[in-house]
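1. coordinates for the following, if possible.
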Amino acid sequence: MKEAMFYEKLDEGKVKCNLCPWNCVIDEGDRGVCGVRENRDGILYSLSYDNVSSTNLDPIEKKPLFNFAPGTRTYSICTPGCNWKCKYCQNWQLSQGDLGGRSISPEKIVEGAKSSGASGISYTYTEPTIFYELAYDTAKIAHENGLYNTFVTNGFINPEPVREIAPYLDGVTVDFKGSGNEDFLKEFAGVPTVEPIYTSIKEYFEAGVHVEITDLIVPRVGDSMESTEDLIDWISEGPGVDTPLHFLRFYPAYRVKDIPPTPVETLMEAKELAESKGMNYVYLGNVPGENSTRCPNCGHEIITRRMSRTVAVNLDDGRCPNCGDPVNVAGLNWTSG
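-> I've put the predicted structure just below:
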């Protein structure tokens, strides 16, 4: 437990949490929407600071980050809790479960990452925003030890916390659901508006953090190609057409068992739509097949990938070895080969 960042004290012992767009006003003894930030005697505490519920060594491509440090392995950590309540959550035992976990300090997390052979640390599985203090302290130490840091996030965070941690973040995957359709998000994730996600992406991008975007396409309720087109247009006009975009296949889980997996044809339609609008790096997730990265200029294969496993990186100092054009692949200082 640690005193939280980004909150203000109010009258009558209340506090207002300013970490995420819920901006919870919390009475003494109560917790915010996330379930892990508690008001104790007028002081807001993070209950997740020393409460790590999972650690694992993953390929960076699993996050998914395809255009960042390809072929490296990342030490993944999370704590319980989330500021969304997705009915289809794949990690609901962690995000919506109890507060059980292990007390692991930032120093020990970094030691674990280094001893595992990882090139960096990913704050993932649940929502890293809600264990911000632990991620922030760990990320600083990780950088001091030559490790990268990445967030896998729903993007539901206020601008000031983004700006505070951005110097220590190297890559971010922002997970959209249903292409950001607000009716879908209200019904299936309990989220009132998508606008804060767009704002946080801009903040990460302007701070120089490598950004990739995923879009979980859910059949029947979150697979509108109109919404998908709106998301594509926003990306191309904002972060730009070089932003990697992943369309993810939905699988039934948690409280949503009556919706089938996303048809591959639907994912292909979204991919073709994105490419027709000039998006240069478009991938499919949770489906078998080739997912290699090609030079947008000449089509030369620059990262050979089988599903989410990188088998070869063919770049010349960040440029296509065939035509010499620069490509949007970051973190190559952590990539060998």
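
2. helices of the protein, start to end?
-> 92-95, 106-116, 132-144, 159-165, 182-188, 195-206, 225-237, 264-276 (DSSP state H).

3. ok, and what's touching the helix or strand of the chain with the lowest mean pLDDT?
-> Lowest by mean pLDDT, DSSP states H and E among the helices and strands of the chain is helix 92-95, with a mean of 84. Helix 92-95 is contacted from outside by 53-54, 78, 80-82, 86, 89, 125-127, 253-254, using Cβ atoms under 8 Å, 6 or more residues apart in numbering. From N, CA and C alone the C-beta is placed, and that goes for glycine too.

4. burial count for residue 163?
-> Neighbourhood size, residue 163 [other Cβ atoms under 10 Å]: 13.

5. nope, residue 221 is what I was after
-> If we define neighbours as other Cβ under 10 Å, then residue 221 has 16 of them.

6. nearest residue to the spatially most central residue of the chain in space, please, no chain neighbours.
-> Nearest to the geometric centre of the chain sits residue 152, at 2.0 Å (Cα atoms, centre = their mean). The shortest distance from residue 152 to any non-neighbouring residue, by Cβ to Cβ, 6 or more residues apart in numbering, is to residue 124 (3.9 Å).

7. list the residues that contact the one you found.
-> Residue 124 touches 63, 76, 77, 78, 150, 151, 152, counting by Cβ under 8 Å, 6+ apart.

8. sorry, back to before: of all the residues in the least confident helix or strand of the chain, which ones are buried?
-> Buried residues in helix 92-95, counted by 16 or more other Cβ atoms under 10 Å: 92, 94, 95.

9. try stretch 228-242
-> For stretch 228-242, a neighbour-count test (16+ other Cβ under 10 Å) marks 228, 229, 231, 232, 234, 235, 236, 239, 241, 242 as buried.

10. what's in contact with that stretch?
-> By Cβ under 8 Å, 6+ apart, stretch 228-242 touches 176, 179-180, 198, 201-202, 205, 211, 213, 215, 217, 243, 245, 270, 273-274, 277-281, 296, 328.

11. for that stretch, give the mean pLDDT please.
-> What stretch 228-242 shows for mean pLDDT is 97.

12. do stretch 64-76 as well
-> When pLDDT is averaged along stretch 64-76, the result is 97.

13. likewise for stretch 167-181?
-> For stretch 167-181, mean pLDDT rounds to 96.

14. shaky segments in this protein?
-> Counting by pLDDT under 70, the chain contains low-confidence ranges at 97, 99, 336-337.

15. change it to 80
-> 97-100, 307-308, 336-337 (pLDDT under 80).

16. how near is the residue nearest to residue 70 when sequence neighbours are not counted to residue 302?
-> Spatial nearest neighbour of residue 70, chain neighbours left out: residue 310 (4.6 Å); criterion: Cβ to Cβ, 6+ apart. Applying Cβ to Cβ, to the nearest Å, the value for residue 310 to residue 302 is 11 Å.

17. overlap of the contact sets of those two?
-> Counting by Cβ under 8 Å, 6+ apart, residue 310 and residue 302 have no common neighbour.

18. export the buried residues of helix 92-95 to TSV and append columns for distance to residue 18.
-> What follows is the buried residues of helix 92-95, written out as TSV (distance: Cβ to Cβ, whole Å):
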residue	distance to residue 18
92	27
94	25
95	22
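
19. list the contacts of residue 164.
-> The contact partners of residue 164, taken as Cβ under 8 Å, 6+ apart, are 5, 136.
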